[in-house]
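>>> My questions are about this predicted structure, shown below with the sequence.
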Amino acid sequence: MNRIPCSYSYEGGFYHGVLRFPKEYPYKPPSILMFTKNGRFKTNVRLCLSMSDFHPETWNPMWSVSSILSGLLSFMLDSAPTLGSMEASDAQRRALAAKSLEENVRNKDFCALFPDYVDLYKKKKAQAQKAAGAAGARAARATGKQTASKSSDSDKLTSQTNADGSANQTGTRTVNSGAGSLSWSLTAVAVLVLAASLYWVFGSDSSAFKFPPLSN
């Protein structure tokens, strides 16, 4: 049973159950059980429905297999409690519907009776794996681009740091060179001032004051 109206939380689900007909059918009703988890009926439990063996007094021999399944679907979409029913949220029922086909293929009877649905499950699984692989490849490429971008930014920062360090060293050498030139200038000025002072004291008598000869 998989023709569920799209407005219900069982949409997309595949539900496996069994109708067990007595020898007296169609004069006696069948027992009805569900095997697939659905959130509406308990599994492997006889359901108390008007067209099941729980209520032979309401059974109509005119009911066919098709009409029984239609009645079961109608009751499944209802919320009336009964023996064998259960409570679940719409979200829980949607989650069970999404996993129903995967659950069914674990049942040997289901696989033997419905090979087309087994093939459908394999196809869906292959598509999901392919989509997951493509998503993983995209994520890996995005991660690689981010890593390359971070590495490039790191290289740029290192280059800028080295450039700043080189500029600082150049500036230090320039300052030191300037300081050296200033020191020599001050020394020369001091010598000239000293010479002028001595000249003023001793006058023009060169014999009284002579600079020592320059050593080679």
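Received it, and whenever you're ready, just let me know what you need.

>>> what about Ile32, is that helix, strand or coil?
For Ile32, the assignment made with DSSP: H, G, I helix; E, B strand; the rest coil gives strand.

>>> How much space separates it from Cys48?
9 Å (C-beta to C-beta, to the nearest Å). Where you see a C-beta, it was placed from the backbone N, CA and C, and this is true even at glycine.

>>> Same drill for those two, tell me which one is more crowded.
Neighbours around Ile32 and Cys48, counted as other C-beta atoms under 10 Å, are more numerous at Ile32. The numbers are 25 against 15.

>>> List the beta-bridge partners for that one.
Each beta-bridge partner of Ile32 is listed here: Leu19, as defined by DSSP bridges.

>>> Hmm, Gly71 and it touching each other?
No - no contact is recorded between Ile32 and Gly71 when judged using C-beta atoms under 8 Å, the distance being 9.5 Å.

>>> Find residues that contact each of these two.
By the contact definition C-beta atoms under 8 Å, 6 or more residues apart in numbering, Ile32 and Gly71 are jointly contacted by Leu49, Met51.

>>> How many residues are close by the closest residue in space to Ser50 that isn't next to it in sequence?
When the adjacent residues along the chain are set aside, Ser50 lies closest to Thr58, with 4.7 Å between them (C-beta to C-beta, 6 or more residues apart in numbering). Other residues within reach of Thr58, judged by other C-beta under 10 Å, total 11.

>>> okay, Thr58: pLDDT?
pLDDT recorded at Thr58 is 95.

>>> Not counting sequence-adjacent ones, nearest residue to Leu83?
Counting by C-beta to C-beta, 6+ apart, Leu83 lies nearest to Cys48, which is 3.6 Å off, once chain neighbours are set aside.

>>> Revised request: answer the last question for Val18.
For Val18, ignoring the flanking residues on the chain, the nearest one in space by C-beta to C-beta, 6+ apart is Leu33 at 5.3 Å.
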